[in-house]
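Participant: I'd like to go over a predicted model; first the sequence, then the structure.
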Amino acid sequence: MTTNPFPFDVHPELPSFGALHEDFSPFPPIADYGFLSDCEVTALVAPSGAVEWLCLPRMDGPSVFGAILDRDAGSFRLGPDDVAVPADRRYLPGTLVLETSWDCGEGWVIVRDCLVMGPWRHEQPGRSSHTRPPTDYDAEHTLLRTVRCVNGEVQVVLDCEPVFDYGRERVRWQYTDKGFYQTVARSESTGLNLTLSSDIRMGLEGPRVRARTLLREGDLRFCALSWGSRTPPATYAKAYRRLVWTAHHWQHWLAQGRFPDHRWRSYLTRSALTLKGLTFAPTGAIAAASTTSLPEAPGGERNWDYRYSWIRDATFALWGLYTLGFEWEANDYFAFIVDVDERNQRDLQIVYGIGGEAELPEQILDHLHGYGGARPVRIGNAAYEQQQNDVWGAFLDSVYLHTKSRDRLDERVWEIVRRQVENAISHWREPDRGIWEIRGEPKHFTSSKLMCWVAVDRGARLARLRDDYAIANDWQKAADEIHSDITTNAVDERGVFCQHYDTTALDASLLLMPLVRFLSAQDPRIRATVLAIADELTRDGLVLRYKVSETDDGLAGEEGTFTICSFWLVSALAEIGEDQRARDLCEKVLSYASPLLLYAEEIDPKSGRHLGNFPQAFTHLALINAVMHVIRTEQLARQQAFSGGTVTPRDWVPGQP
């Protein structure tokens, strides 16, 4: 990997970098951050060129750069001295290598950032944290930044101030035997060493490393922040080779996928890269997001830690990965789910740590200001202690989907299936906290009953696959009982399915009904539910989870529209035959993507600003589902135009009955 497929050039496109905060907040809009990953840690880079989020030694570890949550919690900037707003930002095509270009008046400068990937180097299993089968590549535990002056001359500055342990532990730097070109800091609380190497002479100012240099046309510089045993690059040429290796790695990975030749292909490829970047390679777990406590409402209290792996994401994750051709990643994620169930030998939790940890105690970090003043800042997530009855359906649907891709079911997995189906049968009558993890009183949520039905229905199907007809018949009877209970108690006078048994309120989670095949998409109750949500649970066409005035979620304030739910609505509209409406909504939601085609959890329909943790895995999973629904509907329409036949989208959805 010695050739350069990415020549330096100037890009004429000048995309919008988001609306300015109304109060001129020093925090960049959430959607303006660039996302980096090496599949062990992630980083967020502000438009100014400052790395404002990096946690070590894992993506759920304590932050080293935490300026996204408090401007004094650490950052690492490389860029022009007197210009903070870039002229252009993009990913090198098919990669997670971020390129930022600045027009500085007297010259142009380009910075490229990546978390370095390199060849597999572990010879002894005990020296690696990987529990999944080794690959040909691995994280090098290095944040690499290169800079080139394209023309003219530009004063470039480096300013690195890490603050360990979520902004609580400042460090002091010391030079190494490399003189001004390398310095080391150590965290007493974590035992981590940070090594900053560069071909720019660096000065030490207490907890900060600072440097400046005048670059003229053609000049090249680099800096590398490393925290592992890998020797950092000592020259620009060596740094550049690692960047090219990393870029090739991402392109080669993406080439394994199957993407339709369609105008929305770029959204699918960026979503695939984002999901891979949120995957913790040692275990195969997919984190829900890179961040904690980015607010769901400006200045509000709906701030949660999403750096963990939710079991309910499993079905959508496997569906998306299988659909796009990434079977290896799907297998790893499925193996992670099986491992955590087998290891804990108890009721399946809704969420686990990315290393399989069962306990995620929630803490409030009072010393942090919060993004835009939104407090509290939380780490950990108390949802692991909640009873959420939809977990069994999410797990069993993922097993069913995985098994259909292979036409076999391991005995090891079958024992887990039996235990979880019996759990669903034992508990489906109980109230719970629901798919949205409310912190109000437990209710008989329709979506929870729905997913219990999915668990038992899929269990019966898997039993028939094994020719265990006695078990299959018993489970099918239980599934039919749950089905009848839902249709009897969850439908209002309009024939619309409601949030729970004691209300007529709507809930966007019921858009899953046609997707999991609870009833035919042509059933009038399904159609009425989808259209009621589309007409009554939306703001400017984007979907709310529920109306906070009608739902006791234990919290104050409003929230934005949930992008997951908007994409679910696209899929549900396609299911019920509202093809044009599905296509129009899909195009609208895609238009809200960040300049780098990333999504947070929510969107403010008035301003278009992204809200919540970023980037959000579940949003990108729902995007893949929705876009593929619309694309396939268009393909079927073309087939019908030529053949005169009748085919519906329900005939093709992978992994579903």
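Facilitator: Received it, and whenever you're ready, just let me know what you need.
Participant: look up how far residue 528 lies from residue 119.
Facilitator: Taking CB to CB, to the nearest Å as the criterion, residue 119 is separated from residue 528 by 56 Å. C-beta here means a position set from N, CA and C on the backbone, and glycine is covered the same way.
Participant: same question but for residue 473, I mixed them up
Facilitator: Taken as CB to CB, the span from residue 473 to residue 528 is 33 Å.
Participant: what is the top helix by length along the chain packed up against?
Facilitator: The longest helix of the chain (DSSP state H) is helix 617-643. On a contact count with 3 or more CB pairs under 8 Å, 6 or more residues apart in numbering; DSSP states H and E, helix 617-643 meets helix 265-277, helix 314-324, helix 563-575, helix 579-591.
Participant: buried residues, it. List them.
Facilitator: 617-633, 636 (16 or more other CB atoms under 10 Å).
Participant: for stretch 531-547, same thing?
Facilitator: Neighbour-count burial for stretch 531-547 [16+ other CB under 10 Å]: 531, 532, 533, 534, 537, 538, 542, 543, 544, 545, 546.
Participant: check the secondary structure at the second one for me.
Facilitator: Taken by DSSP: H, G, I helix; E, B strand; the rest coil, the conformation at residue 532 corresponds to helix.
Participant: how about it, nearest residue that isn't a chain neighbour?
Facilitator: For residue 532, ignoring the flanking residues on the chain, the nearest one in space by CB to CB, 6 or more residues apart in numbering is residue 496 at 4.7 Å.
Participant: how close does that neighbour get to residue 238?
Facilitator: For residue 496, the distance to residue 238 - CB to CB - is 63 Å.
Participant: could you do residue 408 as well?
Facilitator: Using CB to CB, we find residue 408 at a distance of 47 Å from residue 238.
Participant: same drill for those two, tell me which one is more crowded.
Facilitator: residue 238 (13 against 9; other CB atoms under 10 Å).
Participant: next, the angle helix 265-277 makes with the helix or strand containing the more buried one.
Facilitator: With secondary structure defined by DSSP states H and E, residue 238 is part of helix 236-255. Between helix 236-255 and helix 265-277, the angle comes out at 110 degrees (axes from the mean of the first three to the mean of the last three CA atoms, to 10 degrees).
Participant: buried sites along helix 236-255?
Facilitator: 236, 239-240, 242-250, 253-254.
Participant: same question, stretch 372-385
Facilitator: 372, 374, 375, 377, 378, 379, 380, 381, 382, 383, 384.
Participant: kindly format the C-alpha coordinates of that stretch as PDB.
Facilitator: The C-alpha coordinates for stretch 372-385 follow below in PDB (Å, rounded to 0.1, in the frame of the first residue of the first chain):
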ATOM      1  CA  GLY A 372     -24.800  23.900  25.300                       C
ATOM      2  CA  GLY A 373     -25.500  23.800  29.000                       C
ATOM      3  CA  ALA A 374     -27.600  20.700  28.900                       C
ATOM      4  CA  ARG A 375     -27.300  18.900  32.200                       C
ATOM      5  CA  PRO A 376     -27.000  16.400  33.800                       C
ATOM      6  CA  VAL A 377     -24.100  14.800  32.000                       C
ATOM      7  CA  ARG A 378     -24.400  11.000  32.600                       C
ATOM      8  CA  ILE A 379     -22.100   8.000  32.200                       C
ATOM      9  CA  GLY A 380     -23.400   4.500  32.500                       C
ATOM     10  CA  ASN A 381     -27.000   3.700  31.800                       C
ATOM     11  CA  ALA A 382     -29.600   2.500  34.400                       C
ATOM     12  CA  ALA A 383     -31.700   1.000  31.600                       C
ATOM     13  CA  TYR A 384     -29.700  -2.200  32.200                       C
ATOM     14  CA  GLU A 385     -31.800  -2.700  35.300                       C
END
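Participant: tell me the mean pLDDT over that stretch?
Facilitator: The average pLDDT for stretch 372-385 rounds to 94.
Participant: hmm, back to that, any idea which of the helices and strands packed on helix 617-643 is most buried?
Facilitator: Mean neighbours per residue, mean count of other CB atoms under 10 Å, is largest over those for helix 563-575, with a mean of 27.
Participant: which helices and strands does that helix pack with?
Facilitator: helix 512-515, helix 524-536, strand 542-543, helix 579-591, strand 602-603, helix 617-643.
Participant: which residues sit against the fifth one?
Facilitator: Outside strand 602-603, the residues that touch it by CB atoms under 8 Å, 6 or more residues apart in numbering are 296, 542, 559-563, 566, 592, 609-612.
Participant: ok, these vs residue 325, which is closest?
Facilitator: residue 563 (24.2 Å; CB to CB).
Participant: isn't residue 37 up against residue 278?
Facilitator: Yes - at 7.0 Å, residue 37 counts as touching residue 278 under the criterion of CB atoms under 8 Å.
Participant: so what sits against both of the two?
Facilitator: Going by CB under 8 Å, 6+ apart, residues that sit against residue 37 and also against residue 278 are 59, 290.
Participant: low-confidence stretches in the chain?
Facilitator: 1-24, 122-128, 345-346, 553-557, 644-657 (pLDDT under 70).
Participant: again, only using 50
Facilitator: Along the chain, segments meeting pLDDT under 50 span 1-22, 649-657.
Participant: name the single longest strand found in it.
Facilitator: strand 137-161 (DSSP state E).
Participant: neighbouring strands - and their directions - for that strand?
Facilitator: strand 75-80 (antiparallel), strand 107-119 (antiparallel), strand 208-216 (antiparallel), strand 220-226 (antiparallel) (DSSP bridges).
Participant: run the chain-centre distance for the first one.
Facilitator: In this case it means strand 75-80. 25 Å (CA atoms, centre = their mean, to the nearest Å).
Participant: equivalent analysis for the second one, please.
Facilitator: Here the centre of strand 107-119 is set off from its chain's centre by 22 Å, with CA atoms, centre = their mean.
Participant: ok, now stretch 40-52?
Facilitator: The answer for stretch 40-52 is 16 Å, by CA atoms, centre = their mean.
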